[in-house]
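> Predicted model and sequence follow; I will ask about them next.
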Amino acid sequence: MTLLRAEGLAKSFGKTHALDDAGITIRAGEVVAVMGPSGSGKSTLLHCLAGILPPDSGTVHYRDRELTSMNDSARSELRRTEFGFVFQFGQLVPELTCLENVALPLRLSGMKRKDAERAARDWLGRLEVDGVADQRPGETSGGQGQRVAVARALVTGPKVIFADEPTGALDSLNGERVMHLLTTAARETGAAVVLVTHEPRVAAYSDREVVVRDGRSRDVEFAR
Amino acid sequence: MSIGHALLGLLEGGPRHGYDLKRAYDERFGHDRPLHYGQVYSTLSRLLKNGLVTEAGVEAGDGPERKRYAITDAGVTDVERWLATPEKPEPYLQNTLYAKVVLALLSGRSATEVLDTQRAAHLTTMRELTRRKTDGDLADQLICDFALFHLEADLRWLELTAARVDQLAVEVTR
């Protein structure tokens, strides 16, 4: 089943054309690596797909809804309920403990503290970082922090996880552990993963790859 | 991979016959490429001729008699030298791939297509290795990681070449 479909996306920043007729299709439950050199437009593509950035032209459909024609509040509601996000760094709230960070998306959706923290603790356990539940993000290692971020992305049961260079700040061993736990958890819950990376060994955790070059994406599978 | 040195190394643990050696080799190093019996026996006869192994009796069994081989002092020295010498950093696939890219450009075909096809094949292999690594023990993980890092190096080269393909086209068709 097709979950996300983008067609004819264009996006410019001043005179720089970040995307130029880019397209991609994401099916339910698949892990897709978006690859390409720095500056090729892969992060912009992810931001347009996730409804964070509006494209200058082109459309993005999530199931039967067109993201590109929604208003801001409808888009942010969709991001909170259907999508999860993991970035390279700087995504956890430094003043909150790791447990509170993971519980935060549930609290924002109105869940009681006790229930939200129970679910958060469960996810910290699945990501093998229950030991840092009461620590603040600044007190954890890079690898632990990213696992907490993955737990926070998964705690709401999203249908799509957008991961932008999730291992970019980690060494090989920690990066691979994060990728293994992220893709295993996503497969268990049936969430699709859109994984932006320029590292082939990280992309090797995906089911297939889409290559972005000069703002154009080549969705090899759908081009056949 | 020098099969001769690998067999000598295995014989350092004690004398073995050819079939036993093949089994030990395949178990440790031959996951993807098990040895043929012919390779084992031709390697052993070369090692024998060079004085690196010696015959150490015959084992009687149900089938044909089986010669046992033992490593000699010269063989041990040879293994030591092999272990102490670094492997030549080989240019792996680049020569063949470079030739394909250049020939594609010269013939007006898409060099990017050649590179994309190769990238897809590399990533498919990398996915298989990643799966094998995930399910495997530490030895499997280390063997797979070695292959993964090499394939990654090839892929980085493919990326860099893809980024320079227009420039290369100008040069080769000049």
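Alright, I've got the coordinates.

> From here on, just use CA atoms for contacts and neighbour counts.
Noted.

> what about the strands in chain A?
Applying DSSP state E to chain A gives strands spanning A:2-13, A:16-27, A:31-35, A:57-62, A:65-66, A:83-86, A:160-164, A:192-196, A:208-213, A:216-218.

> Comparing these, which yields the minimum mean pLDDT?
Ranked by mean pLDDT, these bottom out at strand A:216-218, with a mean of 78.

> Out of the strands of chain A, which is closest to chain B?
Judged by C-alpha to the nearest C-alpha, the one of the strands of chain A that comes nearest to chain B is strand A:208-213, at 8.1 Å.

> now for the longest helix along chain A, which elements pack on it?
The longest helix of chain A (DSSP state H) is helix A:172-189. Contacts defined by 3 or more C-alpha pairs under 8 Å, 6 or more residues apart in numbering or on different chains; DSSP states H and E place helix A:172-189 against helix A:142-154, strand A:192-196, helix A:200-203.

> Let's have the ones you listed in TSV, adding mean neighbour count.
Below are these laid out as TSV (neighbours: other C-alpha atoms under 10 Å in any protein chain shown):
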stretch	mean neighbour count
helix A:142-154	26
strand A:192-196	26
helix A:200-203	24
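
> which one of those lies closest to A:His180?
Between A:His180 and those, the tightest spacing by C-alpha to C-alpha is seen for helix A:200-203, at 9.5 Å.

> How about the closest one and chain B, touching?
Yes: counting by C-alpha under 8 Å from any C-alpha of the partner chain, chain B is contacted by helix A:200-203 at A:200-201, A:203.

> Can you find the helix or strand of chain B with the lowest average pLDDT?
Ranking every helix and strand in chain B by mean pLDDT, DSSP states H and E puts helix B:94-106 at the bottom, with a mean of 76.

> Off-centre distance for that helix?
Distance of helix B:94-106 from the chain centroid (C-alpha atoms, centre = their mean, to the nearest Å) equals 24 Å.

> Output the contacting helices and strands for that helix.
Counting by 3+ C-alpha pairs under 8 Å, 6+ apart, helix B:94-106 packs on helix B:111-135, helix B:165-172.

> looking at those helices, which is buried most?
Of those, the one with the most neighbours on average (mean count of other C-alpha atoms under 10 Å in any protein chain shown) is helix B:111-135, at a mean of 18.

> contacts for it?
With C-alpha atoms under 8 Å, 6 or more residues apart in numbering or on different chains as the test, helix B:111-135 has contacts from A:180, A:200-201, A:203-207, B:100-102, B:104-105, B:140-141, B:144-145, B:147-148, B:151, B:155, B:158, B:162, B:165.

> angle of that helix against strand A:208-213?
Helix B:111-135 and strand A:208-213 are oriented at 140 degrees to each other (axes from the mean of the first three to the mean of the last three C-alpha atoms, to 10 degrees).

> Please, where are all the helices along chain B?
Using DSSP H, helices in chain B cover B:3-11, B:18-28, B:37-49, B:73-84, B:94-106, B:111-135, B:138-163, B:165-172.

> These: which one's closest to A:Ala28?
A:Ala28 lies closest, by C-alpha to C-alpha, to one member of those: helix B:111-135, at 19.7 Å.

> ok, A:Thr68 touching A:Ile52?
No: if you go by C-alpha atoms under 8 Å, A:Thr68 and A:Ile52 don't touch, sitting 10.3 Å apart.

> which one of the two has more residues nearby?
Counting neighbours by other C-alpha atoms under 10 Å in any protein chain shown for A:Thr68 and for A:Ile52 shows that A:Thr68 has the greater number, 22 against 14.

> Nothing else from me, thank you.
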